[in-house]
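In: Next one to model:
(chains A, B, C and D)
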Number of protein chains: 2
Amino acid sequence: MTEASADRGRTTRQRLLGAAAALIAEVGWGGVSTRMVAERAGVAPGVVHYHYASLTDLLIAASTGAARGMLEELTGRLTEQPGPEAGVEWLLGELSRYTGTDPSSLLIVEMYLAAARLPDLREQLQELVTASRARVAAWLRGGGHAGDAEAAAAVLVAAVDGLMLHRGLDPALDLTALAGPLRAMVRTSGHEKGRST
Amino acid sequence: MTEASADRGRTTRQRLLGAAAALIAEVGWGGVSTRMVAERAGVAPGVVHYHYASLTDLLIAASTGAARGMLEELTGRLTEQPGPEAGVEWLLGELSRYTGTDPSSLLIVEMYLAAARLPDLREQLQELVTASRARVAAWLRGGGHAGDAEAAAAVLVAAVDGLMLHRGLDPALDLTALAGPLRAMVRTSGHEKGRST
DNA sequence: AATTGACTTGTACGACTGCCCAAAAACCAT
DNA sequence: ATGGTTTTTGGGCAGTCGTACAAGTCAATT
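Out: Numbering: from 1, shown residues only, chains lettered A, B, ... in the order given. Coordinates of the predicted model:
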């Protein structure tokens, strides 16, 4: 088998993925064109359809790859925090580094939106989100959260995405000021019952 | 002055706005074309640029108009609820009617995203959101919420948007099961301090 | 009846789109 | 060197895009 040839292809694919992820954030999912990606990756226009069956395929691969990395790192570091209340505090601090109009935030939201119209992408993204939610729920439970940990995790993860959205509109929104309500939510005071799915 | 002509123009504009709002949800902000809007509205292709300086102008007008209606109705009915805890319950029930892939939900998210790249739209949308947040905060305060009502309102509104996002991925997500954590957040147990902006 | 002016029509333009493909190039085994 | 694979190239195809515009319609005014 050829080896260096395969290597060449692999690095080209990586460059395409990186360029695609950056462009989705910059010009939007629907604004990315094959020629844009190729130029940014420093290759000829035709190369996109050699490595990927369609532009959409490339965008899906690029976005899910980037999102998987981001999500796993974020939830990984969150679940390292000593307890739910400290974790929420840490989370807000971490989130403050995203303005809502930065590449990472935009890429995530673009994905959610594109997923509504691309079943393949939806499945993959759903898998990522459910996994994160489960990790957060387990961490809440382990941290002594008495209520429905699944529900609290779902609201927490949703709130994070929602806050990203709102941050894009109003960069002055002070996230650390929101610790109070979030703390109240994860506190160990849950005499409310609730069934998880 | 001509009168019937002006009337004709007014209704045409309304048809264009309606068609544009529907199409943004269906094919995405960037997927809407002048010809699509014109066809859906039942007018000739050129009419768009007679009534609006650009396609973007039309999309901004259409989306903000639709969003204003939705937001005002939702927050209006929310703040009619007797108290925060009952309100949260009502809110989740109301939200369950949105699947996350329905026109209304998609339109809102498309707007958030487009706002990141269109300053004009961002300003208008920010105004709408801040107004809603203020109304919710005032209602929380009036309902006996002891903590930082501004913060709680911000998280609540963000959570709503975030849940919409997640609902699109996983329509099976049972929103009514999330009442526990949200109730804990709006309850009158706020000995945590917090400064509003 | 003539004029006005808002509104509508259909077409035209240049630019850009995703995708395709024959040919060139780079690499490997023999 | 020779042949075989894999990757790359650059141009071509058929189509859509936003926008501009001359020509047309129609009710109200003069």
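In: Sketch out the low-pLDDT regions of chain A for me.
Out: Counting by pLDDT under 70, chain A contains low-confidence ranges at A:1-3, A:5, A:188-197.
In: for it, what spans make up the helices?
Out: A:4-27, A:34-41, A:48-51, A:55-78, A:84-95, A:103-115, A:119-142, A:149-169, A:179-186 (DSSP state H).
In: mind listing what whichever residue of chain A sits closest to chain B touches?
Out: With CB to the nearest CB as the measure, A:Gly162 is the residue of chain A nearest to chain B, at 2.9 Å. Yep, even glycine has a C-beta here, placed from its N, CA and C like the rest. In this structure, A:Gly162 makes contact with B:157-163, B:165, judged by CB atoms under 8 Å, 6 or more residues apart in numbering or on different chains.
In: repeat that for 10 Å
Out: A:Gly162 makes contact with A:155, B:112, B:154-166, according to CB atoms under 10 Å, 6 or more residues apart in numbering or on different chains.
In: Endpoint to endpoint, stretch A:27-38 covers what distance?
Out: 15 Å (CA to CA, to the nearest Å).
In: Do stretch A:11-26 and DNA strand C come into contact?
Out: No - Stretch A:11-26 lies out of reach of DNA strand C by CB under 7 Å from any atom of the strand, never closer than 10.1 Å.
In: So which bits of that stretch are buried?
Out: Using 16 or more other CB atoms under 10 Å in any protein chain shown as the test for burial, stretch A:11-26 gives A:12-13, A:15-25.
In: what does stretch A:81-91 give?
Out: So, applying 16+ other CB under 10 Å, buried residues of stretch A:81-91: A:81, A:83-85, A:87-89, A:91.
In: repeat for stretch A:47-58
Out: Quick answer for stretch A:47-58 (16+ other CB under 10 Å): A:47-48, A:51-52, A:55, A:58.
In: and DNA strand D, which of those residues contact it?
Out: A:47, A:51.
In: Pick the one among the buried residues of stretch A:47-58 closest to B:Leu106.
Out: Nearest to B:Leu106 among those is A:Leu55, at 21.6 Å by CB to CB.
In: so what's that closest one closest to, chain neighbours aside?
Out: Nearest non-adjacent residue to A:Leu55, counting by CB to CB, 6 or more residues apart in numbering or on different chains: A:Thr34, 5.3 Å away.
In: Which residues are in contact with that neighbour?
Out: A:16, A:20, A:45-49, A:52, A:54-55, A:58.
In: that older thread, if we only consider the contacts of A:Gly162, which is nearest to DNA strand C?
Out: B:Tyr112 (23.2 Å; CB to the nearest atom of the strand).
In: That closest one touches A:Asp170, doesn't it?
Out: No - judged on CB atoms under 10 Å, B:Tyr112 makes no contact with A:Asp170 at a distance of 11.5 Å.
In: Of these two, which one has the most company?
Out: The residue with more neighbours, out of B:Tyr112 and A:Asp170, is B:Tyr112; 24 against 17, by other CB atoms under 10 Å in any protein chain shown.
In: residues near the residue nearest to that one when sequence neighbours are not counted, how many?
Out: Counting by CB to CB, 6+ apart, B:Tyr112 lies nearest to A:Leu165, which is 4.9 Å off, once chain neighbours are set aside. For A:Leu165, the neighbour count with other CB under 10 Å is 28.
In: Kindly report the same for A:Arg35.
Out: So A:Arg35, with other CB under 10 Å, has 12 neighbours.
In: what do you get for A:Ile108?
Out: Counted with other CB under 10 Å, A:Ile108 comes out at 23.
In: what residues are up against the closest residue to it other than its chain neighbours?
Out: With sequence-adjacent residues excluded and distances taken as CB to CB, 6+ apart, A:Ile108 is closest to A:Ala67, at 6.3 Å. Residues in contact with A:Ala67 (CB under 10 Å, 6+ apart) are A:21, A:104, A:107-108, A:111-112, A:124-125, A:128-129.
In: quick one: A:Ala67 from A:Arg97, how far?
Out: Distance of A:Ala67 to A:Arg97, given as CB to CB, to the nearest Å: 17 Å.
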